[in-house]
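Enquirer: give me the fold of what follows.
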Amino acid sequence: QVQLQESGPGLVKPSQTLSLTCTVSGGSITTDNYYWNWIRQSSGKGLEWIGYIAYSGGTYYSPSLKSRTSISRDTLKNQFTLQLSSVTPEDTALYYCARRGFTTSEYDYWGQGTQVTVSS
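Expert: Sure thing, here's the model as predicted:
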């Protein structure tokens, strides 16, 4: 059973960089043909995909967030990390990490989510 757990600060000041880590257990982030995603949901809005890091280490980001987003990984710790720079209050959201297989659009495992508030 794969489990994902998000961690990071719950409060970030405007213009700073948001940094969240997803720790994966029960499966390796280097296992072929899986993508490891960051997704968020703002209050009253739907899910917004931020980006992923693939099993190969390659990354792909949402065009709307690409200029501010970086996803990296630590294969020894089996973790992947989101960094979102120059945050504003509009980046306040519940942030999730999730796994998706190469041949599907469905996310099969999710973390429980972590609330991040951007405020001075």
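
Enquirer: residue 115 and residue 10, how far apart?
Expert: Look at residue 115 and residue 10: by C-beta to C-beta, to the nearest Å, they are 6 Å apart. Every residue, glycine included, has its C-beta placed from N, CA and C.

Enquirer: sorry, slip of the keys, the one I care about is residue 22.
Expert: 15 Å.

Enquirer: among the two, which residue is more densely surrounded?
Expert: Using other C-beta atoms under 10 Å, the more surrounded residue of residue 22 and residue 10 is residue 22, with 28 against 8.

Enquirer: residues contacting the more buried one?
Expert: Counting by C-beta atoms under 8 Å, 6 or more residues apart in numbering, residue 22 makes contact with 4-7, 36, 38, 79-82, 97, 111.

Enquirer: how does it look with 6 Å?
Expert: Listed by C-beta atoms under 6 Å, 6 or more residues apart in numbering, the contact partners of residue 22 are 4, 6, 80, 97.

Enquirer: state the mean pLDDT of the helix or strand harbouring the last one.
Expert: In this structure, residue 97 sits in strand 93-101 according to DSSP states H and E. Throughout strand 93-101, pLDDT has a mean value of 97.

Enquirer: fine by me, we can end here.
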